[in-house]
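S.K.: Quick one: sequence and predicted model below, then my questions.
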Amino acid sequence: MSSAEIRNLILTVIALGVCALLPMADSGYWLSIGLSIAMFTVLATSWALFSGPTHYISLATAAFFGVGTYTTGLGFETLPFWSLVALAGMFGALMAALVGLATLRLSGVYFVIFTLGLAELVRQVITWAQNQSGQKGLYVLTDITEAMIYWMLIALAAAVYLTGWLIGRSRLGFALRIIGDDETVAAHSGINTARAKVLLFMVPGAVAAMTGAILAPRYVYIEPSLAFTPMLSFQVVIMALLGGTGRLWGPLAGVVPFTLLWESISSNFPNQTTLLLGLSFLLIVYALPHGFVGLLDRLRQRVTGGVS
Amino acid sequence: MNPVLSLRGATKRFGGLVAVNGIDFDVAEHQVLGLIGPNGSGKSTTLNLISGALSLTSGSIKLRGAPISGLAAQDITRRGVSRTFQLVRLLPSMNVRDNVIAGAVFGHRRRWGGEARDFAERLLERVGLGGKGHLPIGQLTYIDTKRVELARVLASDPRLLLLDEWLAGLNPTELQDGIALIKSLRDEGRTIILVEHVMDAIRSLCDCCVVMSSGSKIAEGTPAEVEGDPAVQRAYLGEQAHA
Amino acid sequence: MDILITGLLLGGTYALIAMGLNLQYGVARIMNLANGELLVAGGFGAFFFYTSGQVSPFLTIFLVAPAAFGVSWLIYRIMLRPLVNRAKSRGQLETDSILATFGLSFVGVGLMLAAFGGDYFNYSYLARPITLAGDTFALNRVASFLAAVVICGLLYLWLNRTRAGLSIRAIAVSPDSARLVGIDVPRMAAIAFALGGAVTAVGGALISTYLTLDASAGVIFTLKALIIVIMGGVGDVRGTIVAALFLGVVETLVASLIDPGLTLAAAYALFILVLLFRPQGIFGKTPT
């Protein structure tokens, strides 16, 4: 590893360590915000691992998340918590593989459309299943505190960063960057493009499901419309693109400001959160196509460059 | 002697349009075959059929005796067939060296890490881009982009090289350099199919030519033989003269 | 049997809505995810004029159509043309237009929420029964279906018999070739996009006569329109109509025989089957 990489590793470990101290300092409002930020960081960073290099916009986050939430909701009385999280991860990966196999051989448009309705689809199916069984919702009553959820998210974030770093140095990561640049060249260089895409897509699928499983105790009462909010998918996409997918820490740069903005808008103008989402998308497309990371790169070029 | 590549009755239809009509030819090992003909004769389509970018409507294409016509492009590449494209396709987000490494990692001899980097550097020297590995591709001249693509193709250790109008669009100096480069590849003993319009190149590089017109093969032989063939002259005289 | 007819009635209106998206995606190459919001806006328009002025929705569509045409045209020129110009590849244009129209759809929902509130709205128009083939159906569904048939028919004639329609179809097949034969592609693409918006809004006005809508109902319609367009084959009018009718029948079947809550699941199941076995759609061209 180069000295820059060692420095980044140390900085990341220190940063994670500092974040882990939050529950000691505050157990109310700031812990709650910190928890949201941690959750979105995990979701947005894992989202960017796939959608960044391939440019396939996944809106399936809410579907995976809901599956994870329900895994905990259905199993917390019979299985230990950590095994539920692992199980959720497997379900998420499996679901991602199935979705990927169906749609990733085709152009990105089919993928976006399919994932757009996926959360809604799963929600409908689960609602129907619940109506058949007579149960309207699930109570998740555990001893798990917000602090514990927070720490689990920090640990998951560390795992996501590690995974992202490893993928970036691997053949798979290289293959995906080639696919994102020119899929024809990728195929003609010997890359099995469909398989590479499906494999990588399983990562955000598993991670989002695990996040949902971890968050379930916080909701206490789970019902389909709560577990499968399409809003979640849109928020994750905006945060990741706002921050920029060019770097591993890029999504984090989008998560923090957007979460804070969202909190303030939903407290003061609760009906205008949709408008906020819309304006953010437009901002990203027209002003910040490569996010804050891209902006930073352009500024850096202008400062150090001249003739680049 | 087993031919490296052999086409029998290769046909490609797009709806009602027959782009390639029952083409037969063989490419022997170490041979440089020129595929020539007027515009629209089906040369590039034939190349696309060989590389797997398009699928055959009927007929067969065999690589060393094994049929490759139903396979996906990535599988055909892994069996040792690599190609350049009519419009140069490079990877915009990477520098020159990484573009070459892209060819080395996933071919049939999978290299990685330092080994791939050294290999790429040697190939860059080979094609005349020594020392330029760090450059972003946006800064390259036109012929240099073609060199990068050629290096990428060579990086996958191909047993058969398909060059799709690789010499197109070059000025006279660059053309001489380009012809010299391909000549050096020929001297290494590589097997090449060259789709070209530039007759100078065909004459100096090719052992054998196949002439196509409107999807069919109308002549085959050495460059001198086909140039003298009345059917070929008719096919070309119907158009504006090319090089 | 009555399921079949009810399904066809539903499918007819779906066809109109999907036609709008087909024009926008097939010709202007814009995947307009804000399509559903324009539909809801059309529905709002019909609702407003009926409840305040007793104006029949079938007359309101003559107001809604030009308004939607103008709005869509402006959106294309101001927001989407810059994306067309700056996209370096078709894939990038698709991604950019998806995100941009997505943002637009949320802005649309937000504005409608602010203007009309979050309540559902519906009104009773032509809610009388009518007897056809021995079964009774709601007159408003039948009337909407007939209106949709007329409009689709007019569209079909326009696309296939007029010069402008021919230009539009040419662009749908190949924009580059169309440019080479002298067709003003940017202008025709804008017109196609605007026309698609008008058709969708009219569909919304028609559908509001028998369905309950609210500010956030757009997304489901967008999804269904997308599924229909892809099932039928992008750019093909006959395909869209056939696929829309098919979806209408399947949905009605599922709603009556299995569960009304599974209509989206049914649409998705169809979508998956198409993606797996015939991604170019029923009438689409095989991808090369």
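M.R.: Yes, it's here.
S.K.: Can you give me the neighbour number for residue 101?
M.R.: Picking chain A for this. Neighbourhood size, A:L101 [other CB atoms under 10 Å in any protein chain shown]: 15. (C-beta placed from N, C-alpha, C; glycine too.)
S.K.: Hmm, no, I was thinking of chain C.
M.R.: There are 27 residues near C:T101, going by other CB under 10 Å.
S.K.: mind listing what's buried in whatever helix or strand it lives in?
M.R.: Element membership for C:T101, per DSSP states H and E: helix C:90-116. Neighbour-count burial for helix C:90-116 flags C:91, C:93-113, C:116 (criterion: 16 or more other CB atoms under 10 Å in any protein chain shown).
S.K.: what about it, average pLDDT?
M.R.: On average, the pLDDT along helix C:90-116 is 84.
S.K.: by contact count, what packs against that helix?
M.R.: Under the contact criterion of 3 or more CB pairs under 8 Å, 6 or more residues apart in numbering or on different chains; DSSP states H and E, helix C:90-116 touches helix A:108-133, helix A:230-243, helix A:273-286, helix C:35-53, helix C:81-86, helix C:218-232.
S.K.: In terms of secondary structure, what does the fourth one contact?
M.R.: In terms of contact count using 3+ CB pairs under 8 Å, 6+ apart, helix C:35-53 is assigned the packing partners helix C:2-26, helix C:57-75, helix C:90-116, helix C:185-207, helix C:218-232.
S.K.: what about 6 Å?
M.R.: helix C:57-75, helix C:185-207, helix C:218-232 (3 or more CB pairs under 6 Å, 6 or more residues apart in numbering or on different chains; DSSP states H and E).
S.K.: Need the mean per-residue confidence for that helix.
M.R.: 87.
S.K.: now do the longest one
M.R.: When pLDDT is averaged along helix A:108-133, the result is 84.
S.K.: next helix or strand past that helix?
M.R.: Counting by DSSP H and E, what follows helix A:108-133 is strand A:138-139.
S.K.: coming back round to it: tilt between the helix holding C:T101 and helix A:230-243?
M.R.: 120 degrees (axes from the mean of the first three to the mean of the last three CA atoms, to 10 degrees).
S.K.: hmm, back to that, adding mean pLDDT and mean neighbour count, write the helices and strands packed on helix C:35-53 out as JSON lines.
M.R.: Below are the helices and strands packed on helix C:35-53 laid out as JSON lines (pLDDT from 0 to 100; neighbours: other CB atoms under 10 Å in any protein chain shown):
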{"stretch": "helix C:57-75", "mean pLDDT": "88", "mean neighbour count": "19"}
{"stretch": "helix C:185-207", "mean pLDDT": "89", "mean neighbour count": "26"}
{"stretch": "helix C:218-232", "mean pLDDT": "88", "mean neighbour count": "26"}
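S.K.: Select, out of these, the one closest to chain A.
M.R.: helix C:218-232 (4.7 Å; CB to the nearest CB).
S.K.: And that closest one, what does it pack against?
M.R.: By 3+ CB pairs under 6 Å, 6+ apart, helix C:218-232 packs against helix C:2-26, helix C:35-53, helix C:237-257, helix C:263-277.
S.K.: one more time with 10 Å, if that's ok
M.R.: helix A:108-133, helix C:2-26, helix C:35-53, helix C:90-116, helix C:185-207, helix C:237-257, helix C:263-277 (3 or more CB pairs under 10 Å, 6 or more residues apart in numbering or on different chains; DSSP states H and E).
S.K.: just to revisit the earlier point, I'd like to know which of the helices and strands packed on helix C:35-53 is closest to A:S189.
M.R.: Comparing the helices and strands packed on helix C:35-53 against A:S189 with CB to CB, the closest turns out to be helix C:218-232 (29.8 Å).
S.K.: Quick check: pLDDT value at the residue of chain B found nearest chain C.
M.R.: Residue of chain B nearest chain C, by CB to the nearest CB: B:L54 (6.3 Å). You'll see B:L54 listed with a pLDDT of 90.
S.K.: Go ahead and name everything in contact with the lowest-mean-pLDDT helix or strand in chain A.
M.R.: One helix or strand of chain A scores below all others by mean pLDDT, DSSP states H and E: helix A:22-25, with a mean of 79. Outside helix A:22-25, the residues that touch it by CB atoms under 10 Å, 6 or more residues apart in numbering or on different chains are A:30-31, A:33-35, A:37-38, A:145-151, A:154.
S.K.: Would you mind listing what in chain B touches chain C?
M.R.: Contact residues (CB under 10 Å from any CB of the partner chain) of chain B with chain C: B:K12, B:F14, B:G15, B:N48, B:A53, B:L54, B:S55, B:P92.
S.K.: quick one: pLDDT of the fourth one?
M.R.: It refers to B:N48. So, for B:N48, pLDDT stands at 92.
S.K.: How about it: what's its closest non-neighbour residue?
M.R.: Distance criterion CB to CB, 6 or more residues apart in numbering or on different chains; nearest residue to B:N48, sequence neighbours excluded, is B:L54 at 4.2 Å.
S.K.: The contacts of helix A:22-25: which ones sit near chain B?
M.R.: Okay, of these, nothing touches chain B (CB under 10 Å from any CB).
S.K.: among the residues you listed, which ones are buried?
M.R.: A:L31, A:I33, A:G34, A:L35, A:I37, A:A38, A:E146, A:I149, A:Y150, A:W151, A:I154.
S.K.: Just send the residues you listed back as a markdown table, with secondary structure too.
M.R.: Listed next are those as a markdown table, based on DSSP: H, G, I helix; E, B strand; the rest coil:
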| residue | secondary structure |
| --- | --- |
| A:L31 | helix |
| A:I33 | helix |
| A:G34 | helix |
| A:L35 | helix |
| A:I37 | helix |
| A:A38 | helix |
| A:E146 | helix |
| A:I149 | helix |
| A:Y150 | helix |
| A:W151 | helix |
| A:I154 | helix |
